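Participant: Structure of the sequence below:
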Amino acid sequence: MKKLFKNLFHKDDCTATFKIGKPKNLTATGTDNDGFAVFNLYDNNDVVLRGLDITQYTVDYFESEETAKANTNPLEDAWNYYNMRPYKEVLYVRVTDKANPTSFSTDSFTIAVMTEKHVNTYELTF
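Facilitator: Model prediction:
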């Protein structure tokens with residue numbers, strides 16, 4: 001029985017029997033060169049669901065691993081997230097089975113703000 005539980009759950013917390021895809025790191029260009037920009041975290045939904053049915057799972061985003069695992073304080077405007085730390089920040093995604101809310105999987109990813117000087121610009125000449 002102990003071996004069965006080891007096979008069903010990952011790590012030492014109650015996680016899912018399903019696996020999620022690795023979220024991609026996201027970048028955005030800041031307009032004021034201050035290290036802040038707006039991100040659409042939902043750009044990671046398809047990647048983390050990796051074929052799972054969105055009607056059977058929820059996808060939420062969090063600012064810390066602890067809140068992701070506890071499922072507290074999910075980011076309300078994940079489609080319009082303004083980073084809290086300049087230039088680079090680590091965020092967490094949690095995918096939860098709607099039929100069994102104690103079954104979930106979490107992972108981290110990075111969001112980074114590019115300054116305008118780091119963005120390649122091309123001048124078209126005719």
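Participant: CA only for contacts and neighbour counts going forward, please
Facilitator: Will do.
Participant: sec struct for the residue at minimal distance from the centre of the chain, please.
Facilitator: Nearest to the mean C-alpha position of the chain, counting by CA atoms, centre = their mean, stands residue 93 at 3.7 Å. For residue 93, the assignment made with DSSP: H, G, I helix; E, B strand; the rest coil gives strand.
Participant: swap in the one 10 residues further on?
Facilitator: Three-state secondary structure (criterion: three-state DSSP) places residue 103 in strand.
Participant: which residues does residue 106 bridge with?
Facilitator: Beta-bridge pairing of residue 106 under DSSP bridges involves residue 94.
Participant: And residue 114, by the same measure?
Facilitator: The residues listed as beta-bridge partners of residue 114 by DSSP bridges are residue 29.
Participant: Just the CA coordinates for stretch 89-107, please, in CSV.
Facilitator: Only the C-alpha atoms of stretch 89-107 are listed here, as CSV (Å, rounded to 0.1, in the frame of the first residue of the first chain):
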residue,chain,number,x,y,z
GLU,A,89,10.0,37.7,-11.0
VAL,A,90,9.2,34.0,-10.3
LEU,A,91,5.5,33.1,-10.3
TYR,A,92,3.7,29.8,-9.8
VAL,A,93,0.9,28.0,-11.6
ARG,A,94,-1.5,25.5,-10.0
VAL,A,95,-3.7,23.1,-11.9
THR,A,96,-6.4,21.5,-9.8
ASP,A,97,-8.8,18.7,-10.6
LYS,A,98,-12.3,20.1,-10.3
ALA,A,99,-13.7,16.7,-9.3
ASN,A,100,-11.0,16.2,-6.6
PRO,A,101,-9.7,19.6,-5.3
THR,A,102,-7.0,17.9,-3.2
SER,A,103,-5.5,16.6,-6.4
PHE,A,104,-3.3,19.4,-7.9
SER,A,105,0.0,20.0,-9.5
THR,A,106,2.2,23.2,-9.3
ASP,A,107,5.2,24.5,-11.1
